[in-house]
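**Q** Test case, fold it:
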Amino acid sequence: ALSCFLPSIASTLEALDLRDTCIDTVGMRALSLPLVLFGRLTELNLRENELGDESAVYLAETITAGMTSLTHLDLRCNWITNVGAAALGQALGKSAPSIRILRLSSNVMGETGSRDLAIGLLPCCKLEKIGLSGNTMRDGAAPALAALFRRQVNLRSLNLSRNLFEIYGAQTIAVALGGLPRLEKLLIRENHWGDDGRRAFQQALSWNLGLRLEDADGPKQAAS
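**A** Model prediction:
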């Protein structure tokens, strides 16, 4: 029913919040055409649905087909793995290079998915907030992620908490973040890099007196 109603408001809608509405592959397929019609849509929130990879690929194809104005995309908690992450990275990099806020925390992208996501996103250089916590990311993805982060001169907030990075990942990413002038918030807790990894971030970012660095393991935090 929603997919039938959406085309009637497509010419004016700029933000669409469909969080926690049980959208699965069938629902995403039904939404694809209406979403393409949203020529002015800048914000899409699909947080806490049941998308998975097949729906993520449908969404990627929809973005490529015409969602060029998209600046905010929230896909937290959707069981997206490496396949969906790669497709989304390529679609956003190709068709929505002005994306500013990207939230993909609490998925299961893993090392391959996060690497392919970062490679696909390389044409994007306006990201301000990136959420990648809780994605089982490992050191093998660190060079690609570092290359992406290095291009984001407007980046203000980055969440890398609850992943599986070790010391190499910490050192590689820390160097990239050290050159970002606007970084205000960095969450890196609950990884496997230990005190040496935390020190790598502290040293690389010691010049940034306004940075809020959350590096101590403590109470569980909400995905961002």
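**Q** Before we go further, residue 115 is sitting in a helix, right?
**A** Yes. Checked against DSSP: H, G, I helix; E, B strand; the rest coil, residue 115 lies within a helix.
**Q** Surely it touches residue 138?
**A** No. Under the contact definition of CB atoms under 8 Å, residue 115 does not touch residue 138, with a separation of 9.3 Å. From N, CA and C alone the C-beta is placed, and that goes for glycine too.
**Q** Show me which of the two is the more surrounded one.
**A** In this view residue 115 and residue 138 are compared by other CB atoms under 10 Å, and residue 115 has more residues nearby, 24 against 20.
**Q** And the helices in the chain, which stretches?
**A** Chain-ordered helices for the chain, with DSSP state H as the definition, fall at 2-5, 25-37, 52-66, 82-95, 110-120, 142-150, 167-177, 194-204.
**Q** could the ones you listed be laid out in a markdown table, adding distance to residue 72 and mean pLDDT?
**A** A markdown table is the format used below for these (distance: least, CB to CB, whole Å; pLDDT from 0 to 100):
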| stretch | distance to residue 72 | mean pLDDT |
| --- | --- | --- |
| helix 2-5 | 20 | 51 |
| helix 25-37 | 14 | 89 |
| helix 52-66 | 13 | 95 |
| helix 82-95 | 12 | 98 |
| helix 110-120 | 17 | 98 |
| helix 142-150 | 18 | 98 |
| helix 167-177 | 22 | 98 |
| helix 194-204 | 27 | 96 |
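**Q** would you list these in CSV and tack on distance to residue 16?
**A** As requested, the helices of the chain are exported to CSV (distance: least, CB to CB, whole Å):
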stretch, distance to residue 16
helix 2-5, 10
helix 25-37, 8
helix 52-66, 12
helix 82-95, 17
helix 110-120, 22
helix 142-150, 26
helix 167-177, 32
helix 194-204, 36
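**Q** and residue 182, how many neighbours does it have?
**A** Residue 182: 13 neighbours (other CB under 10 Å).
**Q** list the buried ones in stretch 137-150?
**A** Going by neighbour count (16 or more other CB atoms under 10 Å), the buried part of stretch 137-150 is 137-139, 141-146, 148-150.
**Q** Let me know whether residue 73 touches residue 102 as I believe.
**A** Yes. Using CB under 8 Å as the test, residue 73 is close enough to residue 102 to be in contact (5.6 Å).
**Q** Which residues are in contact with each of those two?
**A** Both residue 73 and residue 102 are contacted by residue 92, under the criterion CB atoms under 8 Å, 6 or more residues apart in numbering.
**Q** related to what we said a few turns ago, would TSV of the buried residues of stretch 137-150 with distance to residue 33 be doable?
**A** Compiled in TSV, these are given as follows (distance: CB to CB, whole Å):
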residue	distance to residue 33
137	33
138	37
139	41
141	34
142	38
143	38
144	33
145	33
146	38
148	31
149	35
150	37
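**Q** and which of those residues is nearest residue 46?
**A** Residue 46 has its nearest neighbour among these in residue 137, at 21.0 Å by CB to CB.
**Q** That closest one contacts residue 161, correct?
**A** No. Here residue 137 does not reach residue 161: they are 10.6 Å apart, not a contact under CB under 8 Å.
**Q** Can you report how many residues lie near the residue lying closest to residue 191 once chain neighbours are set aside?
**A** Using CB to CB, 6 or more residues apart in numbering and skipping residues adjacent in sequence, the residue nearest residue 191 is residue 165, 4.5 Å away. The local packing count at residue 165 equals 24, with neighbours defined by other CB under 10 Å.
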